[in-house]
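Participant: Quick one: sequence and predicted model below, then my questions.
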Amino acid sequence: MDPSARDSALLAQPFPAFTLSTLEDPDARVDESLLRGQVTLVNVWAEWCPTCKEEMPQLLTLAERGVRLIGIDYKDTRAKGREFLDEFGHPFEVNIFDPDGDLGFELGVYGVPETFLVDADGFIRYKHTGYITPDDVERVMREVEKWH
């Protein structure tokens with residue numbers, strides 16, 4: 001009955017279509033094509049999420065190890081999202097701004113953080129529910145390497 005124990009219904013499915021602005025620039029629009037061409041970890045996070053703060057060192061480690069990270073700032077404000085990154089680090093190549101949670105809804109997010117591995121063709125291949133702990137870094141790296 002624990003929803004975090006279930007596999008995502010989106011595994012082996014294309015990343016949902018979207019067009020949203022970036023956190024950094026309200027005029028810059030991105031869509032799902034951002035997730036094609038290379039293996040990417042997509043991390044759904046928010047400033048108001050205490051475990052997102054705990055997870056940030058592991059995301060910074062993954063980025064330092066060459067993993068491409070795209071963030072989705074979920075149900076947040078631009079100011080709060082930017083403050084969070086200034087304080088806790090910025091491992092993301094791009095942050096998709098999802099203030100209403102529409103993209104999160106399409107991904108089946110029920111709590112942040114959640115992380116999705118997207119292959120170079122734009123298909124979801126792995127989902128990590130909850131924050132990535134220090135012990136999870138190697139497992140996530142193996143998933144990334146498996147899909148390269």
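Facilitator: Happy to help now that I have it.

Participant: okay, CA-based contacts and neighbour counts for the rest of this
Facilitator: OK.

Participant: Next, name the residue at the spatial heart of the chain.
Facilitator: Asn43 (1.4 Å; Cα atoms, centre = their mean).

Participant: Strands of the protein, residue ranges please.
Facilitator: Along the chain, counting by DSSP state E, strands occupy 19-21, 29-31, 40-45, 69-74, 94-98, 114-118, 124-129.

Participant: Could you export the ones you listed as a markdown table, including mean pLDDT and distance to Thr51?
Facilitator: Below are those laid out as a markdown table (pLDDT from 0 to 100; distance: least, Cα to Cα, whole Å):
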| stretch | mean pLDDT | distance to Thr51 |
| --- | --- | --- |
| strand 19-21 | 98 | 25 |
| strand 29-31 | 98 | 27 |
| strand 40-45 | 98 | 9 |
| strand 69-74 | 98 | 14 |
| strand 94-98 | 98 | 18 |
| strand 114-118 | 98 | 11 |
| strand 124-129 | 96 | 12 |
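
Participant: Could you export the ones you listed as a markdown table, including distance to Trp147?
Facilitator: Below are these laid out as a markdown table (distance: least, Cα to Cα, whole Å):
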| stretch | distance to Trp147 |
| --- | --- |
| strand 19-21 | 25 |
| strand 29-31 | 22 |
| strand 40-45 | 10 |
| strand 69-74 | 15 |
| strand 94-98 | 21 |
| strand 114-118 | 9 |
| strand 124-129 | 8 |
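
Participant: In the protein, where is pLDDT below threshold?
Facilitator: Of all residues in the chain, those with pLDDT under 70 make up the ranges 1-9.

Participant: Leaving out the residues flanking it, which one is nearest to the residue nearest to the centre of the chain?
Facilitator: In space, Asn43 comes closest to Thr115 once its chain neighbours are excluded; the distance is 4.3 Å by Cα to Cα, 6 or more residues apart in numbering.
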